[in-house]
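>>> Next comes the sequence, and after it the predicted model I'd like to discuss.
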Amino acid sequence: MEYFDLKNRRYLGNKYKLIPFIKKVVEDNCEDCSSFFDVFSGTGVVADAFREFNLITNDLLYSNYVIHYAFFSDDEFDKEKLMKIIDKWNNISSIKEENYMSINFGGKYFSHETSKKIGYIREEIDILAKNGEINKREEYILISSLIYAMDRIASTCGHYDAYRKTKEYNDELVLKFPNIKENMGKNQIYNTDSNELVRVVKADIAYIDPPYNSRQYSDAYHLLENVARWEKPEVFGVAKKMNRKDIKSSYCTRRAPQVFKDLIENLDAKYILVSYSNMGSKGHDRSNARITDREILSILRKRGEVQIFEMDYGAFTAGKSRIDNHKERLFLCKTFNTVASPLNYTGGKYKLLDQIKPLFPEKIDSMMDLFCGGCNVGINVDCKNVKFVDKEVSLIRLLNAFKEHEKDEILNEIDSIIDEFELSNSSKHGYSYYGTISSVGLGKYNKGKYMYLREIYNKRMEDSFYYDMIFYVLIVFSFNNQIRFNKNGEFNLPVGKRDFNAKMRKKLIEFIDRIHENNYEFIVEDFSNIRVEEIENLSFVYADPPYLITTASYNEQGGWNEEHEKNLLKFLDGLDSKGIRFALSNVMESKGRKNEILYNWTILNKDKYIVHYLNNDYSNSNYQTKNRDKNSTVEVLITNYIV
């Protein structure tokens, strides 16, 4: 019996000829990698080239998923049994009865007789599967064999947007066996929306080859999708397409830049490798790229350092354009090794790290994260010796508990408290178990239990690991996972919509791991009690104080005023006089209010300090822009050194 490979298929944007190029970029630039996530797998040829890795494949088309499962699954299959079945089908002379395929597609993509044979074979596969005579992988191997046989003889120009009107068909429908290789790792195979999947999987390398233009793959391969699903839907139009609403890709629409940004922001990978054509506006309108180079670079650079590799390559144009100087590019992003804090402080700097970190000194031996809050900045600086300082006692106690106790001990205590107070556990039971849905949240179910837990914490008679973990559980179940105390020192936030779900657990685990990897100190202290002479051995101080002209939970009780602002600026002047580098995060203007104290300080020290304007909403607004929104917030980073 003959065999077929993954590459033996006509497919728009097939990257088989680019494999050596892609492999070289990975081999030369990606270190210590063991898993490869092919986010838009298509034919699967790129994933196949990285079989030495643990593979994750995904495609929105079920027909592609079937093929991936046949080639990459770890499920057992009986090759001899399947070969006998295929051999029997290949020896069928004719089929008498009409069927779904012959009625709808006979005399169009295939001859009438071949269409009857395709329909008969597909129905046989369905019967074998329903009777339990073949398992899932065996079923998908047989469907793949049929799809490849159909694709080889179909009367099309390589896709199924239309068929060639002809009286002469290739009737040699010959099913072959897939050339299945041994898997070197444990593989995961998905058929879902890529933007949802990236939120739950993790890999060392994520390869992204999305649709480039307005040509929907669900239109181009509707017939193969129909055969793979075998739901026998009504078809319509000249091309005989079924309803494809649920498998349309946003990457083929004007929303492409927006969905690409969402994908990149939520990818959990050490390296992000993006393949994207440089068609620009060279070809026919339908062939033009939906995402510009500028947009790709801007989005990727927020995640890490970006390199661009390119090679000459032919472009698919449907015969309507001649494309000269067409190049295929690979954008390689080595992501910043960032960890998100499990504590949601108002004004936390996690989303501004990509703007702040490049403005920090290149080499930092030791530093102080003053007003550390959720620690988003200090734990993401390339510095193993960090002193985290905050005056909030409960916060520092919690951070020290994370440092002093093992990860499993912490997680077990949190789970135990959740069980003890009968709070929700959506990661275990789902939302329906609690009579709600995700958009509504769990507040109604948890409210009474949460209030009782809050009362227990506020009446605590001792300081202990148990109460530290109760404090963390309160934060998790509180409104927006924030921290707020009233003037009596009582935690007073209302219940929130979420619980200790998989995302929160993952954040906490990564945070604890980072703490245990480095030499971190967590210190309870008001900045006003710190003497410059005491920290002369530090090479850098980062300060992110409460903002004088904004309102947040940390300064509702008059926690930050003009006197505090002036004292902090005086403290920073003292650091500068001792040759200690500092960076100050602050707000120059917000909602029509101006921080006159800060502004005048920068003017007075314009020869010593540099004001860097940040886009806290990632727009192109700037403090110097004349027509900026009067309600905008102008966030700055002020340094006493040149980057």
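Alright, I've got the coordinates. None of these values were measured; they are calculated from a predicted model.

>>> Next SSE downstream of the helix or strand containing Y148?
Element membership of Y148, judged by DSSP states H and E, is helix 136-153. Downstream of helix 136-153, the next assigned helix or strand under DSSP H and E is strand 177-178.

>>> Quick one: mean pLDDT over that following strand.
For strand 177-178, the mean per-residue pLDDT is 98.

>>> follow-up on the earlier one: just list what the helix holding Y148 packs against, helices and strands only.
If you count contacts as 3 or more CB pairs under 8 Å, 6 or more residues apart in numbering; DSSP states H and E, helix 136-153 packs onto helix 62-72, helix 79-90, helix 112-130, strand 177-178, helix 222-229. (Glycine included, C-beta is placed from N, CA and C.)

>>> Contacts only, for L411.
R505, L508, I509 (CB atoms under 8 Å, 6 or more residues apart in numbering).

>>> Could you do L12 as well?
Contacts of L12 (CB under 8 Å, 6+ apart): G158, H159, R215, Y217, A220, F316.

>>> Low-confidence stretches in the stretch 101-250 of the chain?
Within the stretch 101-250 of the chain, no stretch has pLDDT under 70.

>>> so which strand or helix has I437?
Per DSSP H and E, there is no helix or strand for I437.

>>> Count the residues that sit near it.
Neighbourhood size, I437 [other CB atoms under 10 Å]: 10.

>>> Contact partners for Y271?
Y271 neighbours (CB under 8 Å, 6+ apart): V26, N29, C30, C33, D204, I205, A206, L332, C333, K334, T335.

>>> so it sits in a strand?
Yes. Membership of Y271 in a strand is supported by DSSP: H, G, I helix; E, B strand; the rest coil.

>>> Could you report the distance from it to E31?
9 Å (CB to CB, to the nearest Å).

>>> Likewise for F388?
30 Å.

>>> Could you do R301 as well?
20 Å.

>>> ok, back up a step: just the buried residues of the contacts of L12.
Taking 16 or more other CB atoms under 10 Å as the criterion, what is buried in these is H159, R215, Y217, A220, F316.

>>> Could I get those residues in JSON lines, plus columns for secondary structure and distance to H564?
Rendered in JSON lines, the data for the buried ones among the contacts of L12 read as follows (DSSP: H, G, I helix; E, B strand; the rest coil; distance: CB to CB, whole Å):
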{"residue": "H159", "secondary structure": "coil", "distance to H564": "66"}
{"residue": "R215", "secondary structure": "coil", "distance to H564": "59"}
{"residue": "Y217", "secondary structure": "helix", "distance to H564": "58"}
{"residue": "A220", "secondary structure": "helix", "distance to H564": "63"}
{"residue": "F316", "secondary structure": "coil", "distance to H564": "63"}
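
>>> In these, find the pair that's most separated.
By the measure CB to CB, Y217 and F316 form the most distant pair in these, at 12.2 Å.

>>> do you know how far the spatially closest residue to N518 that is not a sequence neighbour is from F582?
The spatially closest residue to N518, leaving aside those adjacent along the chain, is K384, at 4.5 Å (CB to CB, 6 or more residues apart in numbering). Distance, K384 to F582, using CB to CB: 20 Å.

>>> quick one, which of these two is more surrounded?
A direct count of neighbours by other CB under 10 Å for K384 and F582 places F582 higher, at 23 against 12.

>>> dump the residue contacts of the closest residue in space to A220 that isn't next to it in sequence.
Leaving aside its sequence neighbours, A220 sits nearest to H159 (CB to CB, 6+ apart; 3.9 Å). Applying CB under 8 Å, 6+ apart, we find H159 in contact with R10, L12, A220, Y221.

>>> about what we covered before: please check the contacts of L411 and keep the buried ones.
For the contacts of L411, buried by 16+ other CB under 10 Å: R505, L508.

>>> you'd agree Y445 is up against G435?
Yes. Counting by CB atoms under 8 Å, G435 is a contact partner of Y445 at 7.1 Å.

>>> Find residues that contact each of those two.
Shared contacts of Y445 and G435 (CB under 8 Å, 6+ apart): none.

>>> Neighbour count: those two, which is higher?
Each of Y445 and G435 has its neighbours counted (other CB under 10 Å); Y445 has more, 20 against 10.

>>> now that one, what's its secondary structure?
With three-state DSSP as the criterion, Y445 reads helix.

>>> Number the residues from 329 up from this point.
OK, 329 is where the count begins now, so the last one is Y773.

>>> Tell me the spacing between the closest residue to it other than its chain neighbours and E750.
Excluding the flanking residues, the one nearest Y773 by CB to CB, 6+ apart is Y762, at 4.6 Å. Y762 sits 11 Å away from E750, going by CB to CB.

>>> more neighbours, these two?
Y762 (18 against 13).

>>> Tell me who's in contact with the more buried one.
Y762 sits in contact with S752, S754, L770, Y773, where contact means CB under 8 Å, 6+ apart.

>>> I'd guessed the first one sits against K772; true?
No. S752 lies out of contact with K772 (CB under 8 Å); the separation is 10.2 Å.

>>> Comparing those two, which residue is more hemmed in?
Neighbour count, other CB under 10 Å: between S752 and K772, S752 has more, with 24 against 13.
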